[in-house]
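Trainee: Show me how the following folds:
(3 chains)
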Amino acid sequence: MEAGRATAPRNRLAVAGARSTTEAMLRNQPRSDVIRNAVFAGLLLLAVLIALAGLLALVIQAFAKGSSALSLDLITNPPSTAFPEKAGYRPAIIGSLQLIAGVMLFVVPVGVGAALYLEEYADSSRWWNRLVEVNIQNLAAVPSIIYGILGLAFIVRGPLDLGFILAAGSLTLALLVLPMVIIASREALRAVPDSIRQGSLALGATQWQTIRTQVLPASIPGIATGVILAVSRALGETAPLLLVGATVFVTFDPTPFGTDGYSAMPVQIFNYALRPQEEFQALAAAGILVMLVVLLAMNSFAIWLRNRYEQRW
Amino acid sequence: MLQAESKRYGERAIKWLLALCAALSVLTTTAIVISLIGPTIGFFEIVPADDFFFGVDWTPQFEPPSFGVLSIVAGTLNVTLWGMLFAIPVGLGSAVYLSEYASPRVRKTVKPALEVLAGIPTVAIGFFAVSFILPEVVVPLWPDGLLGGAEGKPFLALAAGLGIGLMVVPIIASMSDDAMRAVPRGLHEGAYALGATKAKVATRVIFPAALSGIVASIVLAISRAVGETMIVVLAAGSTPKFTLNPVESIQAMTSYIATTATGDISTGSVDYKSVFAVGTVLFAMTLVMNVVSIRLVRKYREVYE
Amino acid sequence: MTSSKWLAAIVAAAILASGITACGSSDDETASGSSGGDLSGSIRIDGSSTVAPLTEAVAEQFMAENSDVRVTVGTSGTGGGFEKFCAGETDISDASREIEPEEVEACNKGGVGFKDVHIATDALTVMINNENPVSCLTVEQLAAIWGPDSKIDNWSEIPDLKESYDEELALFGPGTDSGTFDYFTESINGEEGVSRRDYNNVGEDDNATVKGVEGSPGGMGYAGFSFYTENEGSLKALEVDNGKGCVPPSVETAQDGSYAPLSRPLFIYPSEQALQKPEVKAFIAYYLENVGSVAEALGFVPLTEEQLTESEAAAAKIGA
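Mentor: Model (predicted):
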């Protein structure tokens, strides 16, 4: 006890001594070091600020250029060459909505199915399973315009011969984002611990029952996030649609299998951006704003989803 | 490990159904290859291969036509080069800042902002490049007369390059940040304990440890840059030139494909087939880069504990 | 959230999406039902991107009065348009030049009959920078500048030039896909596709020609008349001497043919099969009636009375 009461102040002294020594050492860093550190930190901050400034400039410029065209007409009116003041994006918006609906319809079953196969069933020592994995990785890196060529040669003409219809564009975009969905779904499935699967199997469930009742429900938030991000990528793609026939001047609302032509937001924006008149430039900028708002909403929703429902095992 | 082997038909059927979904990826690759190869072979029956691969004049629709693909390959590399010169410092700098210097609150705002940047449609970035970066950033800041000067040019490779750079910054920043955060804390703590400064820890310890992820992110970014179409179409122009000069207007492989395939050519003509030949070159380039990046990751991956 | 709730959410989203779509289309019909004619069907048009704005404007007005007719206008280019036309995929082809013999053959093979209907004229304009003192060039001088073997890099190197202007030549022109390119090279250099290769190629974006010429003191570029009229204060239009004196491009000189050789006729080519459809017949008639007013607004040269009568006769002759 005597020793304890004596060591407490001694400890405090020791700690105080150590602290002041360390601080002295740190404070006495050679000036060159201090400057170098500060400069380095400053450069890093500059890098971040440049990236953020770029983003901000893009949004502000779109707003500045497009504000004159912002009105409800933008969403409800069809495009117009004769009266640019009245022109809008309506067929393009409806076209885009239908396109991504089609993309989701294809990409969710096929993508999740493929991910399930690769994660739950496939034996990765077999060569054909490795081939599939390599393929998916490669396809994720293929430029979007190559998918346009694929769509033109195989879906619009060629074996599927669907013609220049919206469903063909949808399918092309779906193939483009499928690798993203598969990869994201695999991550989500992989995050589910094996113990869950083993417990279920031990209780006598079949593999499919295990997946259906335990694995899939647990991984749905991750899968949903992946799907939403993939769909927002599909929403913004222009190049493949140009090749599979998203006609530019469509004033009526397109339908999935209608042969009268269709349009999509990014393609319409592209077309307006190429026209010299100021009104069309403003329309292009306004269209960009609309897309940015929609994409921001979608991405925020995806992030919220991931944060809210992410399970920690 | 327990493997439930069910004798019920349902289980086998489901497995096969799911396998089919996975096999679709192989089918897609095969389809891409087939759709490119046919017309490409037809193209090479008309145009000699060494004219194509070693020629520097790409004028397929002039009379007489010239099919030297190096011209548009140079265009692609031109834009990619300037883009990466912008994106690598900005992206890596942001990554180091986010993983080593930023407080959790700053991270919470900056990281989502970068994800927003990643989600911007390329047509929007292309529009921004040609209507803002070109007239308000490049032309005023570029020294008069340097390499020909930037005045009076409606299209500039540099403008497209900066646009592409901005587009891929999130890829580099995000992936490198993840790679650096994956480095075990033990390395951090050990380095600090030995008296290293923050800068030294970041550059001498963490960065090399995360190198494989960082390099992979850069290769992925280059791959995206090479395959980008809309930004180049809107901001770089359609004049094929065998040059890396940033203040010239050039044509990249992707913009050639986009403008020609949607433009005024008849199927079966040699210009039409040239689209597929260029597509094959593009596909091969991105494939090679992808393989290289996978190999790099495997080779340099440091294994801890 | 359980998986059944997720399912419900997805189904709800899908219903919402299709609801918007359905709502949209029914709105379309009821809103303009009052002014609808009794024509219905679809008209597919494709072809020249020069003629497209005219066709789009006319189609818009036509659809406002006949709400059950759907007109789509594509811009695959004059050649691309003819390809689809002769394969029976389109009803009308927009063209900024006359149909070529190979295309005629293709149409015969496809069993597609047609007649060209002249709907407007375009005065292809050669534009130069405002600072440039030159006001007129002969066709020979233009050919010397734009010819395939041209080495002229400076305005002072142009042969027989009255004014002296020591500025570097900065050339701007459309891409080889463009009908404008085809027409210019044919009329100035004598053959389609023959041109010097080292000019600034603006592809489809003729607006870039304007910007380029505006920004370079020695700039010269060619584009459709509308691009000049849109920017009249910021550039000069060169007068062209075809052997009979310097003629500036304008509505009058294009109509009376004195602005040669750069005034080009613009056509639509309806097919015989298409003209069997009453909505197509009505559309062609409507087109000829209304294209005059639209043409001037969009920077083209409207037809003269005489030319209009000719076109109407031509349209009536097909598929009668």
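
Trainee: if I've got this straight, residue A:65 is in a strand?
Mentor: No. Secondary structure of residue A:65 (DSSP: H, G, I helix; E, B strand; the rest coil): helix, not part of a strand.

Trainee: ok, the residue in the stretch 151-300 of chain A that chain B sits nearest to to chain C distance?
Mentor: Chain B sits closest to residue A:236 of the stretch 151-300 of chain A, with a gap of 2.9 Å, by CB to the nearest CB. To be clear about C-beta, it is placed using only N, CA and C from the backbone, and glycine gets the same treatment. For residue A:236, the distance to chain C equals 18 Å [CB to the nearest CB, to the nearest Å].

Trainee: you'd agree that residue is up against residue B:126?
Mentor: No. Checked against CB atoms under 8 Å, the pair residue A:236 and residue B:126 is beyond contact range at 11.4 Å.

Trainee: The residue of the stretch 151-300 of chain A closest to chain B: neighbour count?
Mentor: Neighbour count of residue A:236, defined by other CB atoms under 10 Å in any protein chain shown: 23.

Trainee: Residue A:249 bridge partners, please.
Mentor: Beta bridges link residue A:249 to residue C:73, judged by DSSP bridges.

Trainee: residues contacting the residue nearest the centre of chain B?
Mentor: For chain B, the residue sitting closest to the mean C-alpha position, by CA atoms, centre = their mean, is residue B:224 at 2.0 Å. Residue B:224 is in contact with B:167-168, B:171, counting by CB atoms under 8 Å, 6 or more residues apart in numbering or on different chains.

Trainee: By pLDDT, give me the weakest of these.
Mentor: Lowest pLDDT within the contacts of residue B:224 is found at residue B:171 (90).

Trainee: coming back round to it: and the residue of the stretch 151-300 of chain A closest to chain B, what pLDDT?
Mentor: The model reports residue A:236 with a pLDDT of 91.

Trainee: So what's the residue count around the closest residue to it other than its chain neighbours?
Mentor: Spatially, and ignoring its direct neighbours in sequence, residue A:236 is nearest to residue B:121 (2.9 Å; CB to CB, 6 or more residues apart in numbering or on different chains). The burial count assigned to residue B:121 is 25, neighbours taken as other CB under 10 Å.

Trainee: Tell me which residues touch the residue in the stretch 51-200 of chain A that chain B sits nearest to, please.
Mentor: The nearest approach of the stretch 51-200 of chain A to chain B comes at residue A:143, 2.6 Å away (CB to the nearest CB). Residue A:143 makes contact with B:226-229, B:254, B:282-283, B:286, according to CB under 8 Å, 6+ apart.

Trainee: ranges for the helices of the chain?
Mentor: All of this refers to chain A. Ranges of helices in chain A, per DSSP state H, are A:2-27, A:31-66, A:73-76, A:90-116, A:127-141, A:144-150, A:166-190, A:194-202, A:207-210, A:216-236, A:239-243, A:265-273, A:278-309.

Trainee: if you could check chain C rather than the one you did, that'd help
Mentor: Assigned helices in chain C, in chain order: C:3-31, C:52-65, C:77-86, C:101-110, C:139-146, C:179-189, C:206-215, C:225-230, C:251-255, C:272-275, C:278-297, C:305-317 (criterion: DSSP H).
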